[in-house]
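> below are the sequence and a predicted model; questions follow.
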Amino acid sequence: MLVSLCVCVSVCREQILAQQEKWSSYLEDVLFSMEVNHSEQDSEAHQEYQSTRDEIKNKNIEEKHGLRLQLEGAVEHLWGQFQQALHTYNEATEDRRLAFETLRDRDQRSSYEIDTQMKKLQRMQDTISALRTRMLSSQRETEAEGRELRAAREVVQAQVRQAKAELSRARTRERSRLSALTMHSAAAVKSLQQVIHRGERVLKLSEMCRRLETEQEKVLPFYPSSLSAEEQSQAEQAALEPPSDQLAQLMQDYSVLSRFWQRYNKVLLDRLVLEQERAALAREGAQLRALLKQYLDGISVSDAVLRQRNPLLIVTSRTVATAQPTGAKAGAAAPPVSDPRLARPTHTVIEAAHIVQHTL
């Protein structure tokens, strides 16, 4: 049987190798033909590119030569226009040059007139001095009017001082209001910082909880409701009804947090279950430690052990028995941990929405 199986395997292996060699040769032929076809197409494309490039290059050379001839003609035409414009400018400015000479002669005459006016100005200054003397004489007449104006000024200053006092009182009131506003704003900033700190702490805790989630919690983050179909429909109808109580109104306002409270209730119930399990395990550990200590005290002999009650030590033909659990015989072995009597307590989980529906 083994020999026939080996022969069959070897035959299959040879067939597979022959088929592989056949396909390898076929793929090599296909690859060679593709390379030849690609090289031919590449050479044809290269030749076509060279011919197109030469045509474009010759065309550009011809266009460049024609453009150069055209630009040379334009430059010559512009140079002629420039010479003509220069000649025209010289002819046009001849009149202006003559006008400049005329204005220069007029400037000389104006200088003579300025000297004459300066003399007149000196005479006017003398007249001003005389008028100043008359003004000093009239100044004494205006002193009485000045005293009246000073009295009016004192009245106005008193009014200004009164206005300043009122302004100072208003400024004091506004400063006190500003201080109160500053204190309130500081308190608001402090409260906002506390809210920000609390939000950051919540985000950090959510990230930590996200890392500690199990695969089942990642796939199904919300546990299925423990309510029946009828109770679920009643809860939905009660949610659609307008709230009649203040607490129900507040719950209606925070209905968007139902998923959060669902997960929070689940975590809170899990925490309570774990605390109870820890307490049960602590009691079980204490019981096991007491049994172990009792056993070690029974197999050891010392002054401290002899002074205490020992279940394995016989004194005056009687056994000193320690307190055993209810229903256990003296000297009997402790029940195992898997005993139903030491089973952990079970807990009935009731959804918070069910409690709210039947309470409010």
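That came through fine.

> from now on I want contacts and neighbour counts done on CA atoms only, so please keep to that.
Fine.

> can you name every helix or strand that the strand or helix carrying E55 contacts?
Element membership for E55, per DSSP states H and E: helix 2-212. Using 3 or more CA pairs under 8 Å, 6 or more residues apart in numbering; DSSP states H and E, no helix or strand is in contact with helix 2-212.

> from the middle of its chain, how far away would it be?
With CA atoms, centre = their mean, to the nearest Å as the basis, helix 2-212 stands 30 Å off its chain's centre.

> could I get the average pLDDT for the following helix or strand past it?
Counting by DSSP H and E, the next helix or strand C-terminal to helix 2-212 is helix 215-219. Average pLDDT, helix 215-219: 72.

> state the mean pLDDT of the helix holding E55.
85.

> strands of the stretch 201-350 of the chain, start to end?
Ranges of strands within the stretch 201-350 of the chain are 314-315, 318-319, based on DSSP state E, counting those that start in this stretch.

> worst average pLDDT in these?
Mean pLDDT is lowest for strand 318-319 out of the strands of the stretch 201-350 of the chain, coming in at a mean of 40.

> centre-most residue in this structure?
Nearest to the mean C-alpha position of the chain, by CA atoms, centre = their mean, lies E200 at 12.7 Å.

> show me the residues around that residue that make contact.
Taking CA atoms under 8 Å, 6 or more residues apart in numbering, we find E200 in contact with no residue.

> try 10 Å this time
By CA atoms under 10 Å, 6 or more residues apart in numbering, E200 lies in contact with 194, 206.

> what of L203?
L203 neighbours (CA under 10 Å, 6+ apart): 197, 209.

> how far away is it from H197?
With distances taken as CA to CA, to the nearest Å, L203 is found 10 Å from H197.

> now do A99
Computed as CA to CA, the A99 to H197 distance reads 88 Å.

> same check on W261?
W261 is 22 Å from H197, where distance means CA to CA.

> and the two? which has more neighbours close in?
In this view W261 and H197 are compared by other CA atoms under 10 Å, and W261 has more residues nearby, 16 against 12.

> neighbours of T102, how many?
When neighbours are counted by other CA under 10 Å, T102 registers 11.

> OK, contacts around E72?
Going by CA under 10 Å, 6+ apart, the list of residues near E72 reads L78.

> now do L86
Contact analysis of L86 by CA under 10 Å, 6+ apart lists 80, 92.

> show me what counts as buried in stretch 287-296.
Neighbour-count burial for stretch 287-296 flags Q294 (criterion: 16 or more other CA atoms under 10 Å).
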